[in-house]
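In: build me a model from this:
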Amino acid sequence: MALILPVLGKHPTWGKDCFIAENATIVGDVVLGNQCSVWFNAVIRGDVNYIQIGNNSNIQDGAVIHCTYQKAATIIGSNVSIGHNALVHGCTLKNHVLVGMGAIVMDHAVVEEYCIIAAGAVVLENTICESGYLYAGMPAKKIKPLTDPQRALLDRLPNNYIMYSKWFIDPQQQE
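Out: Numbers count the residues shown, from 1 in each chain. Presented below is the predicted three-dimensional model:
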């Protein structure tokens with residue numbers, strides 16, 4: 001069973017049809033929307049500030065979502081995919097965002113709608129990632145406008161994770 005703990009009287013909550021893996025950790029002031037998924041070894045730690053996650057978003061294996069005490073909450077929109085082993089800390093991710101595997105998004109950064117943060121990229125504090133672009137590198141820089149297939153991926157990927165999560169919620173869905 002997942003580790004779900006209150007902190008200072010604040011309990012994590014989530015909407016309908018969410019999947020939380022058995023070894024995921026969610027603590028404190030965390031609110032997840034409907035049809036979210038939190039995968040194996042992911043940690044969402046709302047102990048020092050709050051974390052809000054919209055509908056249809058997925059926090060993939062080993063990702064860490066945290067914030068900064070009295071300074072930076074973490075707000076994640078709907079239809080967002082946080083890749084394996086990514087770190088999202090005290091920032092805002094708007095709707096239809098992909099944070100690639102192993103990427104880092106730091107305090108007070110804002111990733112606008114329809115953005116891709118490439119695998120391994122580091123989005124520094126206070127960076128604004130403009131809607132419709134791919135960002136990559138250390139530090140992350142605007143590389144190029146998203147292609148139509150990349151925009152389609154941002155729409156399709158959250159739905160894939162909703163499907164995958166149903167395999168664990170209802171094993172009959174695998175057939």
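In: CA only for contacts and neighbour counts going forward, please
Out: Noted.
In: for Ser165, helix, strand, or coil?
Out: Secondary structure, DSSP: H, G, I helix; E, B strand; the rest coil: Ser165 is helix.
In: Arg151 too?
Out: helix.
In: around Cys129, how many other residues sit close by?
Out: Residues near Cys129, counting by other C-alpha atoms under 10 Å, number 23.
In: which pLDDT value goes with the closest residue to it other than its chain neighbours?
Out: With sequence-adjacent residues excluded and distances taken as C-alpha to C-alpha, 6 or more residues apart in numbering, Cys129 is closest to Val111, at 4.7 Å. The model reports Val111 with a pLDDT of 99.
In: I figured Val111 hits Lys94, correct?
Out: Yes. Look at Val111 against Lys94 with C-alpha atoms under 8 Å: they come within range, at 6.1 Å.
In: give me the more crowded residue out of these two.
Out: Comparing Val111 with Lys94 by neighbour count (other C-alpha under 10 Å), the higher total belongs to Val111, at 28 against 21.
In: got the phi and psi for that one?
Out: Main-chain dihedrals, Val111, degrees, to the nearest 10: phi -110, psi 110.
In: what's it in contact with, if anything?
Out: Thr92, Leu93, Lys94, Val97, Ile128, Cys129, Glu130, Ser131 (C-alpha atoms under 8 Å, 6 or more residues apart in numbering).
In: what comes into contact with the helix or strand where Gln52 lies?
Out: Applying DSSP states H and E as the criterion places Gln52 in strand 43-53. Strand 43-53 is contacted by residues 7-8, 24-33, 62-78 when judged by C-alpha under 8 Å, 6+ apart.
In: note down every partner strand of that strand and its orientation.
Out: Strand pairing for strand 43-53, using DSSP bridges, gives strand 25-32 (parallel), strand 64-66 (parallel), strand 74-76 (parallel).
In: ok, Pro139 - how many residues close by?
Out: 13.
In: now do the contacts for the residue nearest to it when sequence neighbours are not counted.
Out: Nearest non-adjacent residue to Pro139, counting by C-alpha to C-alpha, 6+ apart: Val122, 5.1 Å away. Contacts for Val122 (C-alpha under 8 Å, 6+ apart) come out as Ala103, Ile104, Val105, Met106, Ala136, Gly137, Met138, Pro139, Ala140.
In: okay, now the third one: neighbour count?
Out: Yep, that's Val105 we're talking about. Neighbours around Val105, by other C-alpha under 10 Å: 27.
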